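Asks: What shape does this take:
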Amino acid sequence: MPLTGGTELINPYTIFERVGLRAGMATADLGCGVTGHYIVPAARIVGAEGKAYAVDIQKSALAATESRAKLDGVSNITSVWADIERLGATRIPAGSLDVAMIVNTLFLARDRNQMMAEAARLTKPGGTVLVVEWKTDATAVGPPAAQRIGKDVARAAATSAKLQERSEFEAGPYHYGLIFVK
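Replies: This next block holds a predicted model:
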């Protein structure tokens, strides 16, 4: 089956349903990348009463996400330039997020524990940290298998940040998902 768009790999709305994202909530895509594939639909869901943050270390990624949001008629995304591997570096109020998303980003981190600690710092008590990563099997799409991380690595980073696992799920044919609670 040819892949024609991002939802062939992961449908963000299916994932948001799993974490209970809804109108009025605050959410951030930590390591949003250039497509806005998660934060643009998340911003639609949380609406004008909610908060949606696109966070990335690359200013070009933030600019591309802003462009996509504008094209899609979404105006409630705040771009935040930050190194999410540095605790305290992300200029979002601590303890303010209902849902922090780390999607296809943890495998890129030099310091996964710090990235997860930053996500936990930003999340409200009782809030959710969503991790979606490439399955470790070699596939025709995605990074080389040697760069991918298993669930055990993601869980260890979450444990180091004092997060509790709520559930695990299949996030699509090439990804797994883990939901942690602060």
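Asks: on contacts alone, who are the packing partners of whichever strand in the chain runs longest?
Replies: Ordering each strand of the chain by length in residues (DSSP state E) puts strand 123-134 first. Judged by 3 or more CB pairs under 8 Å, 6 or more residues apart in numbering; DSSP states H and E, strand 123-134 is in contact with helix 12-19, strand 97-103, helix 112-122, helix 151-160, strand 175-181. All C-beta atoms are positioned from the backbone trio N, CA, C, and that covers glycine.
Asks: Tell me which of the ones you listed sits nearest to R166.
Replies: R166 sits nearest to strand 175-181 of all the helices and strands packed on strand 123-134, at 4.6 Å, using CB to CB.
Asks: Tell me the gap between that closest one and the middle of its chain.
Replies: Centroid separation for strand 175-181 versus its chain: 10 Å, with CA atoms, centre = their mean, to the nearest Å.
Asks: and if you look at stretch 37-46?
Replies: Taking CA atoms, centre = their mean, the mean C-alpha location of stretch 37-46 is offset from the chain mean by 11 Å.
Asks: Dump it to CSV, keeping only the CA atoms.
Replies: The C-alpha atoms that make up stretch 37-46 are tabulated as CSV, following Å, rounded to 0.1, in the frame of the first residue of the first chain:
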residue,chain,number,x,y,z
HIS,A,37,1.2,16.5,12.1
TYR,A,38,0.3,16.3,15.8
ILE,A,39,0.1,19.9,17.1
VAL,A,40,-2.2,21.2,14.4
PRO,A,41,-5.0,18.7,15.0
ALA,A,42,-4.3,18.9,18.8
ALA,A,43,-4.9,22.7,18.6
ARG,A,44,-8.1,22.1,16.8
ILE,A,45,-9.3,19.8,19.5
VAL,A,46,-8.3,22.0,22.5
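Asks: most packed of the helices and strands packed on strand 123-134?
Replies: Comparing those by mean neighbour count (mean count of other CB atoms under 10 Å), strand 97-103 comes out on top with a mean of 26.
Asks: What is that strand packed up against?
Replies: In this structure, strand 97-103 makes packing contacts with strand 26-30, helix 39-46, helix 112-122, strand 123-134, judged by 3+ CB pairs under 8 Å, 6+ apart.
Asks: All set, thanks.
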